[in-house]
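Asks: Kindly generate the corresponding structure for this input.
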Amino acid sequence: MIRTKRCSNCNEVKLLSDFGKHSTNKDGKQFSCKSCRREYYENNREKIKAKSAKYRRDNKEKIAAWAAKHCKDNKEKIAIRKAKYYEDNKEKIKSKVAKYRRDNKEKISASVARKKAKRRAAQLNATPIWLTKDQLDEIKNIYDRCRYISKQTGIIHHVDHIVPLKGKNVRGLHVPWNLQVITATENLSKGNRYD
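Replies: Numbers count the residues shown, from 1 in each chain. Presented below is the predicted three-dimensional model:
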């Protein structure tokens, strides 16, 4: 059975597929057809943009809460959509990233330098003064082993702090028994979480 509906704007009877979705209406469709809505948008583009911008400004918290809930409720769907987008636009994304890196070399260098300095400071602050020379040598050997494994396997490895130096609820020390060599992928996905 083919279902139709009359557009409240142009007054023409059209197929339901010619109407956009509207969950609160009885038939689940908009009152006016897609072509009338498109025409309205074209004729009132600036007015609609201004109204939307004002709404976003006035409802930041509400929008942020909705977005957080939506992301939480649709994790798998979003991950699949992102992966598909990345797969379909790999070259476009790579060229954009390369262009950004070319255009912002100083900015990136400064950011990397800041992060490295911050990390070194955290390690220095987390390295107890009571460590023996042998224990400090052991730390150096763990970093050497990490570089060796990366070179031999062709897979980038990191030295990970089992208990993070700057965890949310815990703070570990930069000591040999708190270090492990794991793949970069594992380490980056772990972040500063500690179970």
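
Asks: where do the helices sit along this structure?
Replies: Under the criterion DSSP state H, the chain carries helices at the ranges 34-43, 45-58, 60-73, 75-88, 90-103, 105-126, 133-153, 184-190.

Asks: what sits up against the third one?
Replies: Contact partners of helix 60-73, identified using C-beta atoms under 8 Å, 6 or more residues apart in numbering, comprise R56, I78. Placement of C-beta: from N, CA and C, glycine included.

Asks: same deal with the second one?
Replies: Among residues not part of helix 45-58, those counted as contacts by C-beta under 8 Å, 6+ apart are Y41, I63.

Asks: Mind pulling the model confidence for the nearest residue to L124 once chain neighbours are set aside?
Replies: In space, and not counting its chain neighbours, L124 is closest to H174: 7.9 Å by C-beta to C-beta, 6 or more residues apart in numbering. H174 carries a pLDDT score of 89 in this model.

Asks: Pull the contacting residues for H174.
Replies: Q123, L124, A126, T127, I139, H161, L165.

Asks: got the helices of the chain as CSV, with mean neighbour count columns?
Replies: Putting those into CSV (neighbours: other C-beta atoms under 10 Å) gives the following:
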stretch, mean neighbour count
helix 34-43, 13
helix 45-58, 10
helix 60-73, 10
helix 75-88, 10
helix 90-103, 10
helix 105-126, 11
helix 133-153, 13
helix 184-190, 13
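
Asks: from the chain's centre, how far out does the helix or strand of the chain with the lowest mean pLDDT sit?
Replies: Across the helices and strands of the chain, mean pLDDT, DSSP states H and E gives its lowest value to helix 105-126, namely a mean of 82. Distance of helix 105-126 from its chain centroid, counting by C-alpha atoms, centre = their mean, to the nearest Å, is 22 Å.

Asks: repeat for stretch 100-119
Replies: Taking mean C-alpha positions (C-alpha atoms, centre = their mean), stretch 100-119 and its chain are 19 Å apart.

Asks: One more: stretch 46-66?
Replies: The answer for stretch 46-66 is 22 Å, by C-alpha atoms, centre = their mean.

Asks: what does stretch 162-181 give?
Replies: 25 Å.

Asks: Give me the distance between the two termini of it.
Replies: Stretch 162-181 has an end-to-end distance of 10 Å (criterion: C-alpha to C-alpha, to the nearest Å).

Asks: Also stretch 183-195?
Replies: End to end - C-alpha to C-alpha - stretch 183-195 spans 18 Å.

Asks: Could you list the buried residues of stretch 154-162?
Replies: By neighbour count on 16 or more other C-beta atoms under 10 Å, the buried set for stretch 154-162 is H157, H158, V159, D160, H161.

Asks: For the closest residue to R145 other than its chain neighbours, list each beta-bridge partner.
Replies: Distances taken as C-beta to C-beta, 6+ apart place V181 nearest to R145, at 6.0 Å, with adjacent residues excluded. V181 forms beta bridges with V159, as assigned by DSSP bridges.

Asks: correct me, but V181 touches N141?
Replies: No: V181 is not in contact with N141 according to C-beta atoms under 8 Å; the separation is 10.7 Å.

Asks: Understood, closing this out.
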